[in-house]
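Enquirer: Return a 3D structure for these sequence lines:
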Amino acid sequence: MDSEMDAVARRALPLLDLTDLGETCTETRIDALCRDAKAGPVAAICVWPRFVTQGARALSGTGIRIATVINFPDGGEDCARATDDTAEALRDGADEIDLVLPYRALKRGDAALARDMVEAVRDVCGSVTLKVILETGELGNPERIRAASRIALEAGADFLKTSTGKSPVSATPEAADLMLTEIKASGRPAGLKVSGGLRSVADAASYLALADRIMGPDWATPRTFRLGASSLYGALMQARGL
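Expert: The predicted structure is shown next:
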């Protein structure tokens, strides 16, 4: 079992978006996050926009990417603010944008508003990676999750992301299954980020197995698959004996 967990940890660590989106996050905590990111090493850190410059400076030259969140966590409907915030984050050095879909608009039947925001932020991002957070626990049923996935993919998302981690229900295997199925059906080279509630090596293993089953055993790389978490890092490092 230890060797199996070590194998999962070796595979999962390079896919990790090491995250600190706590309400009381400080510069000191970002320094620690960046040290952990380099020790992993991980794919990216994910931080509040105000810490992008600090993270970019600390991780310069490492290849570790800087992700930040937009329209987070509420999934508001102010498109101009989302694009302005995205432009500022890119100027500060963000490599990846994690945008919360206006999921309440989608729930009330206004798919156009949701699509318009993704398209607008996509335009601002240019070639920068855009992940769209569906907040699947709030969408609530498979039909809405499928619809949100299709909207985000058609509007130019590079990744679908399950959750903000701030809602009562975060990532679930059921939601990830639906999202991966839509990614595969789209024919686009898009990825999946599973985020919210991942704490154990077993959690990582279950989502990796899901990706392998639906997309194939060689599909999950940092370009196509991420695990967004904070506490998962410690479990993966422990499994590796580090």
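Enquirer: only C-alpha atoms for contact and neighbour calcs from this point on.
Expert: Noted.
Enquirer: how much space between the most centrally placed residue in the chain and residue 12?
Expert: Residue closest to the average C-alpha location in the chain (C-alpha atoms, centre = their mean): residue 193, at 4.3 Å. In this view, residue 193 and residue 12 are 12 Å apart by C-alpha to C-alpha, to the nearest Å.
Enquirer: Identify the contacts common to the two.
Expert: residue 227 (C-alpha atoms under 8 Å, 6 or more residues apart in numbering).
Enquirer: Tell me where this structure has strands.
Expert: 16-20, 44-47, 65-70, 96-100, 129-133, 159-161, 191-195, 225-229 (DSSP state E).
Enquirer: Output these as CSV; include the columns distance to residue 168 and mean pLDDT.
Expert: CSV is the format used below for the strands of the chain (distance: least, C-alpha to C-alpha, whole Å; pLDDT from 0 to 100):
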stretch, distance to residue 168, mean pLDDT
strand 16-20, 18, 98
strand 44-47, 20, 98
strand 65-70, 19, 98
strand 96-100, 16, 98
strand 129-133, 15, 98
strand 159-161, 16, 98
strand 191-195, 13, 98
strand 225-229, 16, 97
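Enquirer: can you tell which of those strands is closest to residue 205?
Expert: Evaluated over these, closeness to residue 205 peaks at strand 225-229, with 10.7 Å, by C-alpha to C-alpha.
Enquirer: Can you give the contact residues for the closest one?
Expert: Strand 225-229 is contacted from outside by 12, 15-19, 43, 191-199, 204, using C-alpha under 8 Å, 6+ apart.
Enquirer: got the angle for it vs strand 16-20?
Expert: 30 degrees (axes from the mean of the first three to the mean of the last three C-alpha atoms, to 10 degrees).
Enquirer: Would you mind writing the CA trace of strand 225-229 as CSV?
Expert: Output of strand 225-229 as CSV, limited to C-alpha atoms (Å, rounded to 0.1, in the frame of the first residue of the first chain):
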residue,chain,number,x,y,z
PHE,A,225,-5.2,18.1,-15.3
ARG,A,226,-4.8,20.0,-12.0
LEU,A,227,-5.7,19.3,-8.4
GLY,A,228,-6.4,22.5,-6.6
ALA,A,229,-5.8,22.2,-2.8
